[in-house]
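[1] Need coordinates for the following:
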Amino acid sequence: MNDLHVTLIQTPLHWQNPEANRAMFEEKIWQIEKPTDLIILPEMFTTGFTMEASAWAEPMNFTTFKWLRQQASQTGAVILGSYIVAEAGQFFNRLIWFQPDGVYQVYDKRHLFRMAGEHEHYTAGKEKIICEWKGWRIMPLVCYDLRFPVWSRNVQEEYDVLLYVANWPSPRAHAWRALLTARAIENLAYTIGVNRVGKDGKGLEYVGDSSIIDFKGTQLAYCEDKEMILSHTLSKTELTTYREKFPAHKDADIFLLQEFDNDIINL
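    Numbering: from 1, shown residues only. So this is what the prediction gives:
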């Protein structure tokens, strides 16, 4: 079984400056020392967490989309992160998963952070995605999604890696760390959180705490409160062995989500 080499980029962001952020991330991507399979950028990596959607949104197949495609092709790795996309008169906090072969998938953030008014400026997504890469099944989500375990539930072991890209501020850093660990344990999956550091244009501070946590809740790798590029290798053999020895998923409740709201249908 193949191991998966993942790289997290934790960095400050230039406030509402897509050109500067793309240049900064490109430089950091080329600082990655060893070949990697997956490069993960934070939430809204071109702007920071801004509610000025109309000012900074891009259509699909525009500058940032093409930049992601180029980076994936040049590195031979999947690259992913979220940025602001305009489509059909609406704005989305959209995560793009871009493979080096040109294949891509999109995930629109489901849970919009109402305390910042995100739900007033962006449209919520309705569907999850599970991406397959080098024998691994990976489910990417965005920031506030972390607080909602039903949405991230690993139904019948449909994924191996759960990951979150985020702009998660320092006043709630404890919740970030605790919830990442909980999601890993309850879903019997590697869980990755990639956050930013520094201060944004609204004065909010971010302390990073980007982490890789295994299926038992053990922290395998951790970014301190500073700019970092962190790489780590995930073992498929260790994951499979643990799931065979501790098949808690077989006792999980079975349920379905209604399509347009958060109600649960018990079966």
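[2] Now do the strands in the stretch 101-250 of the chain.
    Here the stretch 101-250 of the chain has its strands, by DSSP state E, counting those that start in this stretch, at 104-108, 131-133, 136-142, 161-165, 190-194, 197-199, 205-207, 211-213, 219-222, 228-234.
[3] which helices and strands does the first one pack with?
    In this case it means strand 104-108. strand 90-98, strand 136-142 (3 or more CB pairs under 8 Å, 6 or more residues apart in numbering; DSSP states H and E). Placement of C-beta: from N, CA and C, glycine included.
[4] Tell me which of those strands lies nearest to residue 6.
    strand 136-142 (9.4 Å; CB to CB).
[5] would you say residue 9 is within a helix?
    No. Using DSSP: H, G, I helix; E, B strand; the rest coil, the assignment for residue 9 is strand, not a helix.
[6] what number of residues lie near it?
    26 (other CB atoms under 10 Å).
[7] Please apply the same query to the one 10 residues further on.
    Residues lying near residue 19 (other CB under 10 Å) number 10.
[8] secondary structure class for it?
    helix.
[9] quick one: it from residue 26, how far?
    11 Å (CB to CB, to the nearest Å).
[10] Name whatever forms a beta bridge with the nearest residue to residue 138 once chain neighbours are set aside.
    Among residues not flanking residue 138 along the chain, residue 161 sits closest, at 4.4 Å (CB to CB, 6 or more residues apart in numbering). Under DSSP bridges, the beta-bridge partners of residue 161 are residue 138, residue 190.
[11] List the contacts of residue 161.
    4, 136, 137, 138, 139, 189, 190, 191, 192, 234 (CB atoms under 8 Å, 6 or more residues apart in numbering).
[12] now do residue 65
    Residue 65 makes contacts with 58, 96, as judged by CB under 8 Å, 6+ apart.
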